[in-house]
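Participant: Take a look and give me a structure for this.
(one chain, ligands or ions: 1)
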Amino acid sequence: MQPTDNSYSAVSKLLHWLMALMIFGLFGVGFWMVDLTYYSAWYKTAPHYHKSVGIVLAVLLLVRLAVFFKNRKPAPLASHSLLVQRASKLTHGLLYVLLFFIVVTGYLISTADNRGIEVFNWFVVPGFGEFFGQQADRAGLLHQWLAYGLIALAVLHALGALKHHFIDKDATLKRMWWSKTDNAPVSKNLTGSTDLTNSTEENS
Ligand code: HEM
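Facilitator: I've put the predicted structure just below:
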């Protein structure tokens, strides 16, 4: 596959949208399943799917980070001020950090009783029991609040992207979609790219 100028790679785009869908889905299911009673048909199956999708998300996060460190990001758009560039860099970093800790706390909740996590009945991620007292409760509280934080930030991030698209009418959203953006002018003042002379993220 040819490298594309001024756009995220196909793998990055696919991972971004797939993970976004999974995150909103996991949040919805997580919010709903904590109130299920023992008599609900979903009492056991909902947590099973929540955990299974969560582990798949963790694997995708590792792939995403590997792609992120291997490839250069496209340069920021010329129309983005330095403040906007820094704010989006901070937001993206924070989204990754929150996601990482949500995955870790989810694992700590599920494995506190020494049991492993069955992923779609495909394989089991081993559990190592408690690393600290009241692990399930403490990790559970953190997991919940980190998830609220992630969703709030993701909504803010999405609103920012929509504002760029509909109000500023720039190429921000198009570069994360499968639209042609080769001609969008990019900034020379790069905070987002690791290469200051080339705005190309190589396709992987
Ligand atoms: C849970 C949901 C989401 C998460 C966790 C998330 C996370 C991220 C991250 C980490 C990046 C930086 C990509 C990188 O350089 O590695 C990014 C970029 C981007 N996201 Fe999202 N995102 C989410 C949902 C959305 C939604 C709903 C939209 C649009 C409505 C959106 C639009 C964009 C755009 C346009 C970029 C590129 C920004 C730029 O080039 O500066 N994202 N997202």
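
Participant: For the residue in the chain sticking out farthest from the centre, grab phi and psi.
Facilitator: Here the centre of the chain is the reference, and by CA atoms, centre = their mean the most remote residue is residue 39, at 33.4 Å. Residue 39 adopts backbone torsions of phi -80, psi -10, taken as degrees, to the nearest 10.

Participant: ranges for the strands of this structure?
Facilitator: For the chain, the strands defined by DSSP state E cover 4-5, 117-119, 123-125, 200-201.

Participant: Residue 50 is in contact with residue 22, correct?
Facilitator: No - counting by CB atoms under 8 Å, residue 22 stays clear of residue 50, with 10.8 Å between them. Heads up, the C-betas are built off the backbone N, CA and C, glycines and all.

Participant: More neighbours: which of these two?
Facilitator: residue 50 (20 against 15; other CB atoms under 10 Å).

Participant: What are the boundaries of the helices in the protein?
Facilitator: With DSSP state H as the criterion, the chain has helices at 10-33, 45-70, 82-111, 135-166, 172-175.

Participant: So which other helices or strands are in contact with the fourth one?
Facilitator: Using 3 or more CB pairs under 8 Å, 6 or more residues apart in numbering; DSSP states H and E, the elements in contact with helix 135-166 are helix 10-33, helix 82-111, helix 172-175.

Participant: and the ones you listed as CSV, adding mean pLDDT and distance to residue 159?
Facilitator: Output for those, formatted as CSV (pLDDT from 0 to 100; distance: least, CB to CB, whole Å):
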stretch, mean pLDDT, distance to residue 159
helix 10-33, 97, 14
helix 82-111, 97, 11
helix 172-175, 94, 12
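
Participant: near the ligand at all, stretch 47-61?
Facilitator: No - judged by CB under 6 Å from any ligand atom, stretch 47-61 stays clear of the ligand, getting no closer than 9.6 Å.

Participant: Over to stretch 82-97?
Facilitator: Yes - contact of stretch 82-97 with the ligand (CB under 6 Å from any ligand atom) involves 88, 92, 95, 96.
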